[in-house]
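Peer 1: A predicted structure for the sequence below; I have some questions about it.
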Amino acid sequence: MSALAAWLTTATPASRAQARAGRFYRGTLALLANPLAAAGLVLVAVLLLVALFAPVLAPYAPDAQDLARRLQPPSFAHPFGTDQLGRDILSRVIWGSRITLVIVALAAITVAPIGLAIGIVAGYRGGWVDRVLMRVTDVFMAFPRLVLALALVAALGPGIENAIIAIAATAWPPFARLARAETLTLRRQDFIAAARLQGASHGRILLRHILPLTISTVLARLTLDLAGMILIAAGLGFLGLGAQPPSPEWGAMVATGREFLTDQWWVATMPGAAIFLVSLAFNLIGDGLRDVLDPRSQGR
């Protein structure tokens, strides 16, 4: 029996929790030591604060119209300018951060569990279970994600709820593949054999031994994929299939501003810049997590 197997079979729950807390602390310090990851964390923290305090930060109501001030360039009164209905673009971008976070958060907490469950079950059980689950995964991966999301939203109807369902239904296959690959490696380890010898059930092995060791890798992939989810949500909004007017959704704002892109560039540029910054932030965090969780990237 290896040292890891011996520790897993003899350690108390308190010692395991203490070890996990220590790993989390060291991983957090390593992540903050990465300048790009730290910058991504700062951007995401700013986004969360903006979304949380939107009623205080927004100088105007997001749907307040003033046709006398339509299509005004950025100024002191309207730092991001106004749109074709005289609405303050800064206020709409601030309130739109809430919609973006809701879409991404709900899609993420749906995608990761689905992908993890399918991946670890397929990798652990093998045989016909693995073949069936992976063939289903291959079917979903055969279609471009945005095309499949468009088809699902077109079938379900436009709206933010259906957009979340479409994003979740199209984003889980890579997580299932990744979790399966990790499980195929873990199930051959000595500590899994030791757990079986002690009479642990398949469910206990999956939940107590394999799942905790696959979460970190899936979490890094999830952080990277959040940027793609944001772009898909913005794409659905751009095509009129996401949040419906007058909701200040960033993709829909870019769609309305494309008519004025030549002369009134700020109408589409400001929400487009918000999409870019948020996507960049999650990509930076994902890269930092990958560096922290992959020993090979640290020169070891």
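Peer 2: It's in. Numbering: from 1, shown residues only.
Peer 1: what about stretch 97-109, average pLDDT?
Peer 2: For stretch 97-109, mean pLDDT rounds to 86.
Peer 1: Asp138 and Leu101: what is the separation?
Peer 2: Applying Cβ to Cβ, to the nearest Å, the value for Asp138 to Leu101 is 32 Å. Yep, even glycine has a C-beta here, placed from its N, CA and C like the rest.
Peer 1: so for these two, which residue has more residues nearby?
Peer 2: Leu101 (18 against 11; other Cβ atoms under 10 Å).
Peer 1: the longest helix seen in the chain: which residues count as buried?
Peer 2: Assignment by DSSP state H gives helix 89-125 as the longest helix of the chain. Using 16 or more other Cβ atoms under 10 Å as the test for burial, helix 89-125 gives 89-101, 103-104, 106-108, 110-112, 114-124.
Peer 1: do stretch 253-268 as well
Peer 2: 253-257, 264, 266-268.
Peer 1: for stretch 66-83, same thing?
Peer 2: Buried, per 16+ other Cβ under 10 Å, within stretch 66-83: 69, 71-72, 78, 80-83.
Peer 1: show the average pLDDT along that stretch.
Peer 2: Computed over stretch 66-83, the average pLDDT equals 91.
Peer 1: hmm, who's touching stretch 162-173?
Peer 2: Residues from elsewhere that reach stretch 162-173 (Cβ atoms under 8 Å, 6 or more residues apart in numbering): 103, 106-107, 110-111, 114-115, 118, 137-138, 140-141, 143, 145, 148-150, 152-153, 156, 225, 228-229, 232-233, 236-237, 241-243.
Peer 1: buried subset of those residues?
Peer 2: 103, 106-107, 110-111, 114-115, 118, 137, 140-141, 145, 148-150, 152-153, 225, 228-229, 232-233, 236-237, 241-243.
Peer 1: how many residues are close by Val56?
Peer 2: By other Cβ under 10 Å, neighbour count at Val56 equals 7.
Peer 1: tell me which element it falls in.
Peer 2: Using DSSP states H and E, Val56 maps to helix 54-57.
Peer 1: what's the helix or strand for the closest residue to Thr110 other than its chain neighbours?
Peer 2: Once flanking residues are discounted, Thr110 sits nearest to Ala168: 4.1 Å by Cβ to Cβ, 6 or more residues apart in numbering. Ala168 belongs to helix 160-171 when assigned by DSSP H and E.
Peer 1: that helix: which residues count as buried?
Peer 2: Counting neighbours by 16+ other Cβ under 10 Å, one finds that the buried residues in helix 160-171 are 160, 162-171.
Peer 1: would you list those residues in a markdown table and tack on distance to Ala181?
Peer 2: Formatted as a markdown table, the buried residues of helix 160-171 follow (distance: Cβ to Cβ, whole Å):
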| residue | distance to Ala181 |
| --- | --- |
| Ile160 | 33 |
| Asn162 | 32 |
| Ala163 | 30 |
| Ile164 | 27 |
| Ile165 | 27 |
| Ala166 | 26 |
| Ile167 | 23 |
| Ala168 | 22 |
| Ala169 | 22 |
| Thr170 | 20 |
| Ala171 | 18 |
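Peer 1: of all residues in the chain, which one is nearest the centre?
Peer 2: Centroid check for the chain by Cα atoms, centre = their mean gives Leu226 as the closest residue, at 2.7 Å.
Peer 1: can you report how many residues lie near the spatially closest residue to Thr214 that is not a sequence neighbour?
Peer 2: Among residues not flanking Thr214 along the chain, Glu182 sits closest, at 4.4 Å (Cβ to Cβ, 6+ apart). With neighbours defined by other Cβ under 10 Å, the count for Glu182 comes to 21.
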